[in-house]
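Engineer: heads up, no residue letters with this:
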């Protein structure tokens, strides 16, 4: 009888202990969630912070609002349209725009789910959705033929747009471009990207996105993390937290799982393939493959720069771009002369 009572007492104590442990775990998780929870920021507040005098907004009939900037002379010899990468914004091109807009017309835009465009009414962040947004801006501005460029995801969308609208594109500038293969499980990939690639973590990421995670991810795409300023991290972190943008970004990562490599061999346009030698997100080997498979590509490797050379060192990364554009101008002039001679 005493033995049965002892066993019952032990079972009761074990049950109470288990309940206590579970309660402590629930409390710890609740406190941790409340402590780490990262609230969204209203669109209007971010527009006040990160729109400038050059910022314009294209309001589409369905309710989508696309942020873009159109700078430089309208009668420029060449027009450029530049597209940013994943979790970035048109701000990444500000250094290049400053160095190009005296001679060229330069259009930059925030792609769906990013920057001050944010979540769209269509809620599509695959290639088709991105290309549709590019088409909307191109048509709105009445762009005829132009040079399209992009970094990372932006390079992928530049190539996707070219495949869909080849008559619009004069040439491409592809900076550490996606579009072939991308291994997000590699430990050299920024931690934020690796986490977003895990589908079951995505609902958590839309609510918990600490600044430290963004800071580590931005530093990982620079060859020299010392170049990453607190203001730069703040901009990435705040724009990521626009209401709806984190949900949109998770849908972009989901789309990555379904999209095959682009048939880049079909892009018969002059292309400058620009690559940071220290790119650990999309290694130089991918850049060499891209340049080999594009029919008319020139590869330029930038020593000492990482995945976002246009942002890490705008002046140095812009040097081969200016040479490429000058060559395009010269080719166009020769072509115009030949046409005039043939007509005369």
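Structural biologist: Received, thanks. Note that this is a predicted model, so its numbers are computed, not measured.

Engineer: touching, residue 288 and residue 297? I think so.
Structural biologist: No - using C-beta atoms under 8 Å as the test, residue 288 is too far from residue 297 to be in contact (10.3 Å). For the C-beta atoms, the positions are set from N, CA and C on the backbone; glycine is no exception.

Engineer: which of the two has more neighbours?
Structural biologist: Summary of the neighbour comparison: residue 288 and residue 297, criterion other C-beta atoms under 10 Å, with residue 297 having more neighbours (19 against 14).

Engineer: list the contacts for the more buried one?
Structural biologist: When contacts are counted by C-beta atoms under 8 Å, 6 or more residues apart in numbering, residue 297 is found next to 271, 272, 273, 290, 291.

Engineer: that one and residue 273, how far apart?
Structural biologist: Taking C-beta to C-beta, to the nearest Å as the measure, residue 297 falls 5 Å from residue 273.

Engineer: need the overlap of contacts for those two.
Structural biologist: Overlap of the contact sets of residue 297 and residue 273 (by C-beta under 8 Å, 6+ apart) consists of 290, 291.

Engineer: circling back: among the contacts of residue 297, which one has the most neighbours?
Structural biologist: Going through the contacts of residue 297 with other C-beta under 10 Å as the criterion, the one with the most neighbours is residue 271, at 28 neighbours.

Engineer: next, it: phi, psi?
Structural biologist: Backbone torsions for residue 271, taken as degrees, to the nearest 10, come to phi -140, psi 130.

Engineer: and what of residue 243?
Structural biologist: Per degrees, to the nearest 10, the backbone of residue 243 is at phi -50, psi 120.

Engineer: surely it and residue 45 touch.
Structural biologist: No - the criterion here is C-beta under 8 Å, and residue 243 misses it with residue 45 at 9.7 Å.

Engineer: who has more neighbours out of those two?
Structural biologist: Using other C-beta under 10 Å as the criterion, residue 243 and residue 45 rank with residue 243 on top: 16 against 12.

Engineer: so which residues of the stretch 201-344 of the chain form helices?
Structural biologist: Across the stretch 201-344 of the chain, reading from the start of the chain, the helices by DSSP state H, counting those that start in this stretch fall at 202-205, 211-220, 230-240, 245-256, 284-293, 309-312, 314-343.

Engineer: which elements pack onto the fourth one?
Structural biologist: What it means is helix 245-256. Using 3 or more C-beta pairs under 8 Å, 6 or more residues apart in numbering; DSSP states H and E as the contact definition, the elements that helix 245-256 packs against are helix 191-196, helix 202-205, helix 230-240.

Engineer: repeat for the last one
Structural biologist: In this structure, helix 314-343 packs against helix 94-100, strand 169-175, strand 271-276, strand 297-302, helix 309-312, with contacts taken as 3+ C-beta pairs under 8 Å, 6+ apart.

Engineer: let's have those in CSV, adding distance to residue 222.
Structural biologist: Compiled in CSV, the helices and strands packed on helix 314-343 are given as follows (distance: least, C-beta to C-beta, whole Å):
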stretch, distance to residue 222
helix 94-100, 14
strand 169-175, 14
strand 271-276, 9
strand 297-302, 12
helix 309-312, 5
